[in-house]
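Novice: missing the sequence, but the structure's below:
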């Protein structure tokens, strides 16, 4: 798959029709959580490789600060990544969320310009075996650090009402939209359970992965088969076999998309005037916790697989 930098501008302009007005999945807190969880499970040699690849000193060689870059540059005037990179943050599924959910690559992303295609594309560029230079690999790592978070946000794998951007809702008495509460408000309210400390929340999620609630299921998070065919396997083998394809990101997008049926949409469809900062928020917490943990674990496991190579 060729670099998105070589895609004709006219093609990208056409592909932008109908994109959501806001595509900052998880907001800063969520993306930093995904990046730091991944950092927490990196092997020492991989941690060193990550630090060497990042050339922006403001990242400090770390994934968490780098995870915000892709959202910043897509809006930045004069950036070579502005505008055209926006549709890479999501996949507009043409299903019927709330009643039936599915992800179909040919139907929903036939041109590869979506988060599923982006993860496959930048995986190819990051892999040193493919001969890309350091600058290209650096940019690929920045995008991947962000997109591994995007693909776990349910409304970034949903085409209904522009991923919920066009759905007005109330959250703790304030008017907003459905996409925004999943991006930001739910996560920020969740931080109140951890003294408004993102570090404490990240430590909690990391612990749940390493020796808590998620231990028994984390291998499934990085598997790239449908649930009916999934078997326990060595995770590095799974990721190596699936690199440079859409198999893994498509599987992960499907997993995320399922949260839209019925949870994300059911309450809104039944009662559009419901304040989602109450019962809906409490019911959403387990989903949000797990999705952020999945993003971080997948990213860390992926990098442990692909950056251990000696090219």
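Specialist: Nice, thanks for sending it over. None of these values were measured; they are calculated from a predicted model.
Novice: give me the contact list for the one helix or strand residue 255 maps to.
Specialist: In this structure, residue 255 sits in helix 247-257 according to DSSP states H and E. Residues from elsewhere that reach helix 247-257 (CB atoms under 8 Å, 6 or more residues apart in numbering): 91, 93, 95, 97, 101-103, 105, 115-117, 119-120, 151-154, 156-158, 222-226, 238-239, 242, 291, 294, 298. The way it works is simple: take the backbone N, C-alpha and C, and place the C-beta from them, glycine included.
Novice: can you rerun that using 6 Å?
Specialist: The contact list for helix 247-257 (CB atoms under 6 Å, 6 or more residues apart in numbering) reads 91, 93, 101, 103, 105, 116, 119, 151-152, 154, 157, 224, 242.
Novice: residue 64: which of these is nearest?
Specialist: residue 152 (15.7 Å; CB to CB).
Novice: pretty sure that closest one is in contact with residue 295, am I right?
Specialist: Yes - counting by CB atoms under 6 Å, residue 295 is a contact partner of residue 152 at 4.2 Å.
Novice: the longest helix in the protein is where?
Specialist: The longest helix of the chain (DSSP state H) is helix 279-306.
Novice: now the helices for the stretch 1-150 of the chain?
Specialist: With DSSP state H, counting those that start in this stretch as the criterion, the stretch 1-150 of the chain has helices at 9-15, 27-40, 44-53, 63-66, 69-73, 105-108, 115-126, 134-150.
Novice: closest to residue 199 out of the ones you listed?
Specialist: Proximity to residue 199, assessed across the helices of the stretch 1-150 of the chain by CB to CB, is greatest for helix 27-40 (8.1 Å).
Novice: so what's residue 51 closest to, chain neighbours aside?
Specialist: Using CB to CB, 6 or more residues apart in numbering and skipping the chain neighbours, the partner closest in space to residue 51 is residue 61 (3.1 Å).
Novice: hmm, I typed the wrong one, I wanted residue 181.
Specialist: Spatial nearest neighbour of residue 181, excluding adjacent residues (CB to CB, 6+ apart): residue 171 at 4.8 Å.
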